[in-house]
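A.B. asks: got a predicted model here, sequence first, then my questions.
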Amino acid sequence: MTIERMSVAEIKQSIIEKLEGNFGCEVSDATQGQLYQAIATTVREEVLRRRTASRGERKRQRAKKLYYLSAEFLVGRAMHNNMVSLVNEPNYMQALSELGVDKRLLFEQEPEPGLGNGGLGRLAACFLDSLTTLELPAMGCTIRYEYGLFKQKIVDGFQVEMPDNWLEHGNMWEIARPDQAVEVRFGGYVEEVQDSGKMYFRLQNYSTILAVPYDMPVLGYDTNMVNMLRTWAAKSPKDIDMQSFNRGQYARAMEERELCEIISKVLYPGDNHYQGKELRLKQQYFLSSASVQYAVRDFEKTYGPNWKIFPDKVAIHVNDTHPGMAIPELMRVLIDEKGLNWEEAEDITRRTFAYTNHTVMAEALEKWPEDMVRLQIPRIYMILQEMNRRLCEKLWSAYPGQWERIGHMAIIAYGQVHMANLCVSYSHTVNGVSQIHADILRKSTFNDFYLMRPNKFLGITNGITHRRWLIQSNPGLSSLIDEAIGDAWRKDCSLLTDIKPFANDAAFQQKFAAVKRANKEYLAEILKARQGVEINPDTIFDVQAKRLHEYKRQLMNALSILMLYNRIVDDPSFTCEPRTYLFGAKAAPGYYRAKLIIKLINAISQLVAKHPRASKMIKVVFMENYCVSLAEALIPAADVSEQLSTAGKEASGTGNMKFMMNGAITIGTLDGANIEIMQAAGRENIYIFGLNAEEVEQGYSTYRSSEIYETNPAIRRALEQLIDGTLCPENPRMFQDIYHALLFGDGGGMADPYFVLKDLPSYARAQKQLGEDYAKREQWLSRAIMNTATSGIFASDRTISEYNELIWHLPKLKL
Ligand code: 26W
């Protein structure tokens with residue numbers, strides 16, 4: 001069915017020819033960069049042969065197509081992943097070995113596209129992988145940020161941000177499509193034109209920016225299907241302003257070009273904290289407009305101006321509110337360019353769009369100043385006003401006289417455009433990303449909308465692609481699973497349950513432990529090479545890796561380590577299972593407290609390292625520059641997965657799923673997908689601690705962190721150490737801000753709003769239990785295996801099947 005895979009001999013031949021033809025060299029004298037080029041080109045050819053074979057099928061079958069719009073796609077490196085998807089990894093590995101190529105050095109040659117911050121972006125990437133594997137026609141749409149998320153360095157314990165110029169040496173995995181460029185218009189004013197009794201709107205005096213697509217092919221596992229990730233680059237329509245140029249105003253001519261192209265220059269590094277930045281609004285409209293214009297154009301090519309069937313042939317998904325301007329943009333195109341009336345356009349638009357919410361943190365909900373929207377996208381602003389007028393009319397009949405409620409639900413209110421209200425009211429479906437998250441959306445965030453249209457709201461639990469996160473990143477465990485139950489799980493991840501009977505099988509346990517051990521050694525090698533630290537694979541690898549946020553509570557982990565350190569120092573006879581605490585986290589550059597928490601973790605690391613006895617039992621490592629490729633080495637090596645968010649705050653989490661699949665045991669709160677992990681794995685195979693979401697809700701009015709400070713000496717002592725010079729002798733005041741936030745609150749807010757001190761005792765107890773349980777080897781291994789065995793429902797293939805059944809209704813292509 002699928003195209004012939006390249007044999008070992010063919011792969012070797014191709015690599016040798018490419019080295020000769022492109023660089024005039026042989027394997028033995030090629031640089032790592034040349035080897036990468038030659039090998040990546042070979043893989044790319046195999047990828048594009050599949051693209052050619054399936055090309056045009058969607059149009060021939062007149063199949064519905066999904067546009068998945070997302071400001072972020074955190075795809076990670078492509079070459080190794082493509083070898084896996086081609087189901088030809090063994091041949092490539094064999095060929096590379098025979099040619100004497102160092103695989104790690106080779107893979108590290110590939111720049112990692114850092115086109116995302118964290119969970120939302122990585123989810124989008126996993127979704128594309130599953131969509132393609134399930135042979136569903138789809139296109140991901142995003143911005144081709146010239147600079148991805150900053151690279152993190154740790155200097156003297158502090159985070160330092162460095163630019164990520166990932167395109168500097170070109171991108172092997174993209175295909176430029178200047179033939180499909182579209183124009184996006186900003187600024188100007190709207191003119192009303194009467195023509196034979198009809199009113200039209202025309203944008204005047206606007207400036208045009210060209211959106212040029214670059215497509216990255218996305219393979220499915222063991223299929224000829226190839227979907228595209230379309231990344232839009234902003235280009236000036238006139239290469240340079242010739243008039244200024246001819247007048248000798250070179251600098252000015254170049255300046256104008258720069259001003260256009262700045263739109264796709266850099267990814268905003270904020271995650272869960274919205275700021276009303278004009279350039280960000282322009283990015284969002286740029287992505288929305290380019291993608292919608294392309295979707296409309298592509299539809300019209302196949303079906304003609306048959307707009308009534310548009311929603312039967314096109315689904316548009318907005319990944320959080322960032323691409324939400326796609327909604328009024330489709331209205332604009334249908335009304336202004338295609339001549340439909342408002343009612344027709346509105347009906348089509350509503351049946352086309354669906355929206356996923358990814359956070360309930362109030363500070364993450366996007367609201368744009370009305371004036372900014374009016375100035376930057378005046379026609380869209382007019383459409384938003386009309387949408388808002390009609391929405392408020394309906395709300396008025398549902399909730400007569402309830403002005404406050406209506407203001408809360410309006411698209412435009414109190415001088416702001418409220419993106420979530422736009423997306424909820426103009427989508428046919430709204431979903432949360434775990435069951436508890438969906439419940440919170442229904443009961444709280446969007447309750448007023450939910451009461452009017454309860455069926456609109458769904459909960460579809462996130463998932464991860466087991467191709468990248470198990471098959472590619474943990475080959476040892478993957479072959480062990482093959483050995484035990486055959487390899488059908490590679491296509492159907494739910495079959496992982498077949499390894500349940502092996503959980504108590506001594507021989508299987510031994511092999512499972514050996515794989516984990518090897519993965520720990522590999523991680524140790526990587527960390528040694530990356531930042532010169534040594535870690536001991538004979539210790540527990542306890543990992544918290546995710547963006548740095550107060551609600552994720554890296555601080556609670558850090559304080560608990562400090563308390564453990566104090567016990568060791570106080571009691572010469574104290575012993576515990578040796579542990580390595582590994583942290584990976586980037587903080588938004590403007591998030592002062594998050595950056596201070598990074599410094600605190602590094603200060604604790606140093607404190608522990610200086611103590612002769614403590615340093616034998618614990619080691620704290622802050623891993624620089626946590627990113628997809630580091631995660632690929634880290635997650636398979638973890639024994640313990642830290643999922644500590646304040647209950648009710650983490651919409652789902654997806655790292656938690658990756659760790660579980662790789663046999664780490666979770667210690668976590670009843671939050672997000674942790675709840676479903678507990679249900680799948682069994683209560684005995686996870687460590688749950690702390691308040692639940694309801695208790696947190698109630699706690700807002702009653703909780704006093706100072707009471708814990710006063711009654712718990714161990715906590716009190718750790719807090720005092722933040723300000724007494726223990727941690728930072730050269731500046732005892734270093735961590736004052738953290739101390740203050742925990743005990744007094746800031747900006748008039750409550751003290752310790754994330755319940756760090758409240759949950760700390762229960763967390764410390766769970767940690768102690770975990771340490772003791774780790775020593776009971778067979779039992780621990782059996783529970784770790786049970787985690788892998790029950791992780792199948794967290795495959796993104798399952799998630800995408802649910803989206804498709806409940807929201808998109810795409811046909812599987814016949815290939
Ligand atoms: C405007 C600033 C901004 C940027 C990004 C606000 C909000 C975001 C994202 C929605 C934050 C995010 O990544 N949310 C995460 O989404 C994951 C995928 O659904 C979930 O697993 C995480 O729990 C959630 O924090």
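C.D. replies: Cool, the structure landed.

A.B. asks: contacts, neighbours, all on C-alpha from now
C.D. replies: Fine.

A.B. asks: Arg44 against Asn171, yeah?
C.D. replies: No - using CA atoms under 8 Å as the test, Arg44 is too far from Asn171 to be in contact (11.6 Å).

A.B. asks: run through who's touching the strand or helix carrying Glu46.
C.D. replies: Assessed by DSSP states H and E, Glu46 sits inside helix 32-54. Helix 32-54 is contacted by residues 3, 5-6, 11, 14-16, 18-19, 23, 27, 79, 82-83, 86, 105-107, 109-110, 172-173, 217, 219, 224-226, 815 when judged by CA atoms under 8 Å, 6 or more residues apart in numbering.

A.B. asks: which among those residues count as buried?
C.D. replies: Buried members of the contacts of helix 32-54, scored by 16 or more other CA atoms under 10 Å, are 6, 11, 14-16, 18-19, 27, 79, 82-83, 86, 106-107, 110, 172-173, 217, 219, 224-226.

A.B. asks: circling back to that earlier point, buried stuff in the helix holding Glu46?
C.D. replies: Within helix 32-54, the residues scored as buried using 16+ other CA under 10 Å are 32, 34-44, 46-48, 50-51, 54.

A.B. asks: so what touches the lowest-mean-pLDDT helix or strand in the chain?
C.D. replies: Ranked by mean pLDDT, DSSP states H and E, the weakest helix or strand in the chain is helix 242-246, scoring a mean of 72. The contact list for helix 242-246, computed with CA under 8 Å, 6+ apart, reads Tyr250, Arg252, Ala253.

A.B. asks: next one: stretch 99-115
C.D. replies: 12, 27, 32-33, 35-36, 72-77, 79-80, 96, 121, 144-145, 148-149, 164, 166-167, 267, 627-629.

A.B. asks: what of stretch 199-212?
C.D. replies: 176-178, 180-194, 232-237, 260, 286, 290, 336, 379.

A.B. asks: try 7 Å
C.D. replies: Outside stretch 199-212, the residues that touch it by CA atoms under 7 Å, 6 or more residues apart in numbering are 177-178, 180-194, 232-237, 260, 290, 336, 379.

A.B. asks: can you list the residues of the stretch 201-350 of the chain near the ligand?
C.D. replies: Residues of the stretch 201-350 of the chain lying near the ligand by CA under 6 Å from any ligand atom: Gly270, Asp271, Asn272, His273, Tyr274, Asp320.

A.B. asks: so who does the residue of the stretch 451-600 of the chain found nearest the ligand touch?
C.D. replies: Of all residues in the stretch 451-600 of the chain, Asn462 sits closest to the ligand, at 6.3 Å by CA to the nearest ligand atom. Contact analysis of Asn462 by CA under 7 Å, 6+ apart lists Val433, Ser434, Ser652, Thr654, Phe794, Ser796, Thr799.

A.B. asks: of those, closest to Asp671?
C.D. replies: Proximity of the contacts of Asn462 to Asp671 (CA to CA) peaks at Ser652, which lies at 7.4 Å.

A.B. asks: what's the neighbour count on the residue in the stretch 401-550 of the chain positioned nearest to the ligand?
C.D. replies: Closest residue of the stretch 401-550 of the chain to the ligand, CA to the nearest ligand atom: Val433 (5.4 Å). Using other CA atoms under 10 Å, Val433 has 25 other residues around it.

A.B. asks: what's the answer for Pro578, then?
C.D. replies: Neighbours of Pro578 under the rule other CA under 10 Å: 18.

A.B. asks: OK, contacts around it?
C.D. replies: Counting by CA under 7 Å, 6+ apart, Pro578 has contacts Thr539, Ile540, Met617, Ile618.

A.B. asks: got the CA positions of the biggest strand by length in the chain in PDB?
C.D. replies: Ordering each strand of the chain by length in residues (DSSP state E) puts strand 207-219 first. Provided in PDB are the C-alpha atoms of strand 207-219 (Å, rounded to 0.1, in the frame of the first residue of the first chain):
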ATOM      1  CA  SER A 207      -1.300  49.600   4.100                       C
ATOM      2  CA  THR A 208      -0.800  46.200   2.600                       C
ATOM      3  CA  ILE A 209       1.400  43.500   3.900                       C
ATOM      4  CA  LEU A 210       2.100  40.400   1.900                       C
ATOM      5  CA  ALA A 211       1.600  37.000   3.600                       C
ATOM      6  CA  VAL A 212       3.900  34.500   2.000                       C
ATOM      7  CA  PRO A 213       3.400  30.800   2.900                       C
ATOM      8  CA  TYR A 214       6.100  28.400   3.700                       C
ATOM      9  CA  ASP A 215       4.800  24.800   4.000                       C
ATOM     10  CA  MET A 216       6.400  22.100   6.300                       C
ATOM     11  CA  PRO A 217       5.300  18.600   5.400                       C
ATOM     12  CA  VAL A 218       3.800  16.600   8.200                       C
ATOM     13  CA  LEU A 219       4.000  12.800   7.900                       C
END
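
A.B. asks: following it in sequence, what is the next regular element?
C.D. replies: strand 226-235.

A.B. asks: in the contacts of helix 242-246, which residue is surrounded by the most others?
C.D. replies: The contacts of helix 242-246, ranked by neighbours (other CA under 10 Å): first place Ala253, 20 neighbours.

A.B. asks: so which strand or helix has it?
C.D. replies: helix 250-261.

A.B. asks: name the helices or strands packed onto the following helix or strand past that helix?
C.D. replies: Next helix or strand after helix 250-261 toward the C-terminus (DSSP H and E): helix 278-303. Other helices and strands packing on helix 278-303, by 3 or more CA pairs under 7 Å, 6 or more residues apart in numbering; DSSP states H and E, are strand 138-143, strand 182-186, helix 326-332.

A.B. asks: dump those to TSV, plus mean pLDDT and distance to Phe659.
C.D. replies: As requested, the helices and strands packed on helix 278-303 are exported to TSV (pLDDT from 0 to 100; distance: least, CA to CA, whole Å):
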stretch	mean pLDDT	distance to Phe659
strand 138-143	99	26
strand 182-186	98	42
helix 326-332	99	35
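
A.B. asks: many thanks, I have nothing further to ask.
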